[in-house]
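[1] After the sequence you'll find the predicted model.
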Amino acid sequence: MNRTISTIAGGALLLTSVASGAQAGGLERGGYSWDLLFNNGTVATDAGVTHVMPERRIKNARDTDPSNGPGFGSTSVDETPSYNVPRWSGKVGITPEFDCLASYQQPWGVHTNPGYAWQGNASNIETEITSNDYGLTCSYKWQVGPGFLRGIAGVSYQEIEGFKTRMVNSLIPLSGAFPGFDGTGTLDIKGDGWGWRAGVAYEIPEYEMRFSLIYNAEIDLGEVNGTVDLTEIPRALASARNPFLGTVTDVYGTATLPQQLEFKWQTGIAPEWLAFGTVKWTDWSVLGVIPFCPTVTKSLGSCNPSSPFRLTSLDLMFQDGWYVMAGIGHQFTPKWSGAAQISWDRGTSTGLTTQTDTYLLSVGAQYQPNKSWQLQAGAAVGMLSSGSYGPTACEGNQACGVDAAYEFGDDFVSALSVSAKLKF
């Protein structure tokens, strides 16, 4: 029975990574995974990569802010390029009851690249955020009734960096009066912080049953530092209204990455058959308007959405995210098993991003040639639901989403994932 848990649940873990990589909630990319902690080997390692191919296409784009010059270019563009999500984890059973897991993940990230020549370039030309999470998670289990109760706790060090480029003054490239300048501006940011997690799990190996509930605390990045580069606009155009044109300005802000609560379950339903599922809540609403102010103004007051010193901002205004998944797995032979699952991720957009509801069907197979090795491959296909970008109520009595307007329809998303696991 334990062997069936190991083989089928391993395939289910792969499908979870496929779905996490392809879902569209907030800035979620690879999400968190601590499942290897439950592996019954003394030493186990797991490494894999998911390749995601979203096909989000923006339609009917138009420039709605005449103050930065007229829009130019296409009204329809592809927004999101393909991307990869790597992961690695290693588990050691220190005693029969005490296990620890070291992990590297990329839980958060986004990359949109509609380009320079489209009507909405005042809102975005290219935005990319990446993350690195280095975690250590341990558990202790003891027998309770017919199974084992497990207490779980851990910490993570997390790094975040990214940039956003947009059109600041389209009159510069359109007029031709300033050769060599394209009128864009770029915000670069970088931050880091520590987080923790705690949870419980109950397992009954005889029935291939496990229930787990893990809380991942929010990560306070504290002061996020960066620069605003406006050197693509001639310094001669600087004025009292915007003295930063033509320069690179050091800026700072503050941000918090969301807390998360995840419930997972699995249970045997017949010989060689396993059912499993997940319900997850993520507090994406902590990311509203993230202002950035010149560092030289730090002593003059806090940098908040209403600050008179605000130079730029990342306007997200997310709502909380929910993710629900259910699946079934089957062991066909001692070496081969497979699994399939369906999932829904509630969109976190309130009108300032294209991250709407995502529906996925994922399938995967696992080959285990011996007790030590497992090789896995999975695929997912799904739909990104339709929506629009435009004026949205936001923090600090500031108008958000007034720079452009556009729509997007129901779009296709697909993903592929491969991984290998070694245990002994």
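    Now that the structure is in, tell me what you want to look at.
[2] need the strands for the stretch 51-200 of the chain, in chain order.
    All strands of the stretch 51-200 of the chain, identified by DSSP state E, counting those that start in this stretch, fall at 57-63, 77-78, 83-93, 98-105, 110-112, 126-144, 147-167, 184-204.
[3] now stretch 86-103: how far from the chain's centre is it?
    When C-alpha coordinates are averaged (Cα atoms, centre = their mean, to the nearest Å), stretch 86-103 and its chain have centres 24 Å apart.
[4] got the end-to-end distance for it?
    In stretch 86-103, first residue to last residue: 11 Å (Cα to Cα, to the nearest Å).
[5] what's it in contact with?
    For stretch 86-103, contacts defined as Cβ atoms under 8 Å, 6 or more residues apart in numbering pick out 17, 30, 33-34, 36-37, 39, 41-50, 104-106, 133-142, 154. In short, each C-beta sits where N, CA and C put it, glycine included.
[6] Please list only the buried members of the residues you listed.
    With neighbours counted by 16 or more other Cβ atoms under 10 Å, the contacts of stretch 86-103 contain buried members at 17, 30, 33-34, 36-37, 39, 41, 44-46, 48-50, 105-106, 133, 135, 137-139, 141, 154.
[7] so which helix or strand takes in the spatially closest residue to T295 that is not a sequence neighbour?
    Leaving aside its sequence neighbours, T295 sits nearest to D250 (Cβ to Cβ, 6 or more residues apart in numbering; 4.1 Å). Assigned by DSSP states H and E, D250 belongs to strand 248-257.
[8] which residues sit against that strand?
    By Cβ under 8 Å, 6+ apart, the surrounding residues in contact with strand 248-257 are 108, 158, 160, 187, 189, 191, 193, 195, 218-231, 286-287, 290-296, 298, 303, 311-313.
[9] List the ones among these that fall in strands.
    Among the contacts of strand 248-257, the members found in strands (DSSP state E) are 158, 160, 187, 189, 191, 193, 195, 219-229, 290-294, 312-313.
[10] which stretches of this protein have low pLDDT?
    Along the chain, segments meeting pLDDT under 70 span 1-24, 396-397.
[11] ok, 50 please
    Along the chain, the model assigns pLDDT under 50 to residues 1-6.
[12] mind checking the end-to-end distance for stretch 89-100?
    10 Å.
[13] quick one on the thing from earlier: just the buried subset of the contacts of strand 248-257, written out for PyMOL, thanks.
    Here is the PyMOL selection string for the buried members of these, based on 16+ other Cβ under 10 Å:
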select buried, resi 108+158+160+187+189+191+193+195+219+221+224+226+227+228+229+230+286+287+290+291+292+293+294+295+303+311+312+313
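[14] List phi and psi for F72.
    Per-residue torsions, F72: phi -150, psi 160 (degrees, to the nearest 10).
[15] what's around it, how many residues?
    15 (other Cβ atoms under 10 Å).
[16] Could I get the contacting residues of it?
    A117, Q119, N121, S170, P173, L174.
[17] That one and E79: what is the separation?
    18 Å (Cβ to Cβ, to the nearest Å).
[18] Identify the residues contacting the residue lying closest to G199 once chain neighbours are set aside.
    Distances taken as Cβ to Cβ, 6+ apart put I214 closest to G199, at 3.3 Å, once the chain neighbours are dropped. The neighbours of I214, taking Cβ under 8 Å, 6+ apart as the test, are W34, I152, R197, A198, G199, L261, E262, K264.
[19] so which two of these are the farthest from each other?
    A198 and K264 (15.1 Å; Cβ to Cβ).
[20] So those two - more neighbours on which side?
    Between A198 and K264, counting by other Cβ under 10 Å, K264 is the more crowded of the two (23 against 14).
[21] you'd agree the more buried one is up against V324?
    No: counting by Cβ atoms under 8 Å, V324 is not a contact partner of K264; they are 11.7 Å apart.
[22] Name the residues contacting each of the two.
    Common neighbours of K264 and V324 (Cβ under 8 Å, 6+ apart) are G277, T278.
[23] where's the residue lying farthest from the centre of the chain relative to T295, distance?
    Distance from the C-alpha centroid of the chain, by Cα atoms, centre = their mean, peaks at A177 (41.4 Å). A177 sits 32 Å away from T295, taking Cβ to Cβ as the criterion.
[24] State the number of residues packed around P271.
    Residues near P271, counting by other Cβ under 10 Å: 9.
[25] My error: substitute A420 in the last question.
    12.
[26] That one against Q376, yeah?
    Yes: here A420 reaches Q376: they are 7.3 Å apart, a contact under Cβ under 8 Å.
[27] Overlap of the contact sets of these two?
    G48.
[28] rewinding a little: of the contacts of I214, closest to S67?
    Of the contacts of I214, the one sitting nearest to S67 (Cβ to Cβ) turns out to be L261, at 42.9 Å.
[29] List the strands paired with the helix or strand encompassing the closest one, with their directions.
    Per DSSP H and E, L261 falls inside strand 260-270. Its sheet considered, strand 260-270 pairs with strand 209-216 (antiparallel), strand 273-282 (antiparallel) by DSSP bridges.
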